[in-house]
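K.L.:
Just the structure for this:
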Amino acid sequence: MSSTTASSSQTTGAARLLQRQLKEMRAAKDLPGISVGLINDDNVFEWEVILMINDDCKYYGGAYFRAHLLFPPTYPMLPPKMVFQEPVPFHPNVYPSGELCISILHRPGRDEHGYEHESERWSPVQTPETILLSVISLFGDPNDESPANLDAAKLLRAERETGDREFRRRCRRCVRESLGED
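P.N.:
Prediction:
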C-alpha cells in the first residue's frame, strides 16, 4: 500500500470516527454546558464548541465561551487543538491568542521538559467529550503551575495568597464580554 493510500484511508477512518463522536455528543443528555457543531458542514475535522461555564467556578456569573476544536487527519493517534474565539477567556491555561494549554492535548509520549507524566498526555482513548469535560473542569480549578498566560497565573496566585481581588475582577470582565454586556 502506498503512503498516499495509507494516509487517505487513515483520514477516512478519522472522519468516520469524528462523525460518530459528533452525533453521539449531540444526542447526549448528560453533557450540560456543552454544545458542539461543525464550523463548515463539509469539514468534520473542524468543530465549533460553545461552553457554558456555570456560576460555581472562578468565572463568577457564568460565561459562554466559543472555541474551535481542530482535529488532525491522524486523529485519534494525535490530539486536536482547541482555540478560544473572541472574547478569549482570561485564564492561566489559555494563551492570549486563544489556544488552550492542557495536558491531555499535548502530544503523546515523554515530556521533554519533565513536567508531565506520559499518562497525563494525549492518548487515543480520549474523545471530544472527555476533552471538553476536562476543559470545563479546568475553569473550576485552573493550573497555575505551568501557565500559558503568566498574568492570569500571577493574579490567581495573589488571590490565593493575599486575597487580592484583581483575578476575580478580570474574570468578571471576561464573563461580561462573553455575555455581550461589555
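
K.L.:
What segments of this protein are strands?
P.N.:
Listed in chain order, the strands of the chain (DSSP state E) span 34-38, 46-53, 63-70, 81-84.

K.L.:
If we go by neighbour counts, what in the second one is buried?
P.N.:
Across strand 46-53, burial judged by 16 or more other CB atoms under 10 Å covers 47, 49, 51, 53. Bear in mind the C-beta positions are built from the backbone N, C-alpha and C, glycine included.

K.L.:
just the third one next, same as before
P.N.:
Burial within strand 63-70, assessed by neighbour count using 16+ other CB under 10 Å, is assigned to 63, 65-69.

K.L.:
Relative to residue 42, which of these is nearest.
P.N.:
residue 68 (15.4 Å; CB to CB).

K.L.:
Mind listing the residues bridging to the closest one?
P.N.:
Residue 68 forms beta bridges with residue 48, residue 83, as assigned by DSSP bridges.

K.L.:
Identify the residues contacting residue 177.
P.N.:
By CB atoms under 8 Å, 6 or more residues apart in numbering, residue 177 lies in contact with residue 87.

K.L.:
can you offset everything so residue one is 23?
P.N.:
Done: numbering now begins at 23, and the last item shifts to residue 199.

K.L.:
Now do it, the pLDDT please.
P.N.:
Per-residue confidence for residue 199 comes out at a pLDDT of 87.

K.L.:
How about residue 172?
P.N.:
We have a pLDDT of 95 for residue 172.

K.L.:
Please apply the same query to residue 32.
P.N.:
The predicted local confidence for residue 32 is 60.

K.L.:
Also the one 4 residues further on?
P.N.:
In the predicted model, residue 36 carries a pLDDT score of 94.

K.L.:
Next: residue 144.
P.N.:
pLDDT, read off for residue 144, is 95.

K.L.:
From residue 92, how far off is the residue lying closest to it once chain neighbours are set aside?
P.N.:
Computed as CB to CB, 6 or more residues apart in numbering, the closest residue to residue 144 that is not its neighbour in sequence is residue 101, at 3.9 Å. Relative to residue 92, residue 101 is positioned 10 Å away (CB to CB, to the nearest Å).

K.L.:
before we move on, what about residue 175?
P.N.:
25 Å.

K.L.:
same thing with residue 165?
P.N.:
From residue 165 to residue 92 the distance is 22 Å (CB to CB).

K.L.:
got it, and residue 157?
P.N.:
In terms of CB to CB, residue 157 sits 14 Å off from residue 92.

K.L.:
How about residue 118?
P.N.:
Residue 118 is 18 Å from residue 92, by CB to CB.

K.L.:
Then residue 104?
P.N.:
For residue 104, the distance to residue 92 (CB to CB) stands at 8 Å.

K.L.:
ditto for residue 120
P.N.:
From residue 120 across to residue 92, the span is 12 Å (CB to CB).

K.L.:
again, but for residue 102
P.N.:
6 Å.
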